[in-house]
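Participant: Output the structure for:
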Amino acid sequence: MKQLVAYITAGFPDKNFSLDLVDVLLESGVDKLELGIPFSDPVADGPIIEVANLKALQNGFKIDTLFEMSRIIAPKIETYWMGYFNPFYHRGLENFAKKAQEFGVKGFIVPDLPHEEALPFVPLMSQYNTAFISFVAPTDSKDRIATVVKHATEFIYLVAYAGITGSGTSEDLSKTIEYIKAYSQTPLFVGFGVNEKTAQEKAKGVDGVIVGSAFVEVLLDESLSSTQKMAKIAKIAKSIKEKINS
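Facilitator: Coordinates of the predicted model:
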């Protein structure tokens, strides 16, 4: 069965809501969780997730909030920290790796850390049984893909298009998927622009999809109550899980 990976912005709109939302996502068929670390300049993210990042920071999010949440969440669902390199660098990558091992967080997703710059940290990550998730883009050459996925662990993140999250752009990924599978048996998930309308098509040839903006957009809808937001996100998650496996 193909897997559904959900991204949420940690602590948005607040910590307790996020914790409850994870339970709802689990009940709705989500297999893995990207717990996003709010950052002031999320360069790979579109306006939806950017606004959620800024609101979380304005509401008092701290790195300790991430740790408190992860202690509760990681035992329930396979959890990854998704964030930009600045917070990891500022608080110390080894400190994050130690905390990840303590809580059972599986790895880090760092979109602004190129493969070559991540390599020196791999031994440190391995020491604490955590991983950097490898990114592949449709613009990568066959040789580049071979290099990036050679030692990939946990899963490979295939960016569906060159751009930012949530923009809904479409590109032919068939050749990129073919190259990745030629060089790695690591599960392959596609992200960027995955929603109810696109999920079935984007899931072709891969092992799962990553959904973020479609969920966060609901959280930003101030016309909905907290209960309504939970229900709507649950409905979206169930729909996507069904579509990628139909």
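
Participant: Spit out the contact partners of Ser226.
Facilitator: With contacts taken as CB atoms under 8 Å, 6 or more residues apart in numbering, Ser226 has the following neighbours: Phe17. Using the backbone N, CA and C atoms, a C-beta is placed for each residue, glycine as well.

Participant: one more time with 10 Å, if that's ok
Facilitator: Under the criterion of CB atoms under 10 Å, 6 or more residues apart in numbering, the neighbours of Ser226 are 13-14, 16-17, 20-21, 219.

Participant: What of Leu25?
Facilitator: With contacts taken as CB under 10 Å, 6+ apart, Leu25 has the following neighbours: 4, 6, 8, 31-33, 77, 211, 215, 230, 233-234, 237.

Participant: next one: stretch 222-233 to chain centre, how far?
Facilitator: Stretch 222-233 has its C-alpha centroid displaced from the chain centroid by 22 Å (CA atoms, centre = their mean, to the nearest Å).

Participant: Please enumerate the helices of the protein.
Facilitator: Counting by DSSP state H, residue ranges of the helices within the chain are 15-27, 47-58, 63-73, 85-91, 93-103, 115-118, 122-127, 142-149, 174-183, 199-202, 213-219, 226-244.

Participant: Now neighbour count too, for the contacts of Leu25, in a markdown table please.
Facilitator: Converted to a markdown table, these look like this (neighbours: other CB atoms under 10 Å):
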| residue | neighbour count |
| --- | --- |
| Leu4 | 27 |
| Ala6 | 27 |
| Ile8 | 25 |
| Asp31 | 17 |
| Lys32 | 21 |
| Leu33 | 26 |
| Ile77 | 16 |
| Val211 | 29 |
| Phe215 | 25 |
| Met230 | 20 |
| Ile233 | 24 |
| Ala234 | 17 |
| Ala237 | 23 |
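
Participant: quick check, nearest of those to Ala146?
Facilitator: Nearest to Ala146 out of those is Lys32 (CB to CB; 25.2 Å).

Participant: Look up how far Ala203 lies from the closest one.
Facilitator: As for Lys32, its distance to Ala203 is 15 Å (criterion: CB to CB, to the nearest Å).

Participant: among the helices of the chain, which is nearest Ile133?
Facilitator: With distances scored as CB to CB, the stretch of the helices of the chain nearest to Ile133 is helix 115-118 (9.7 Å).
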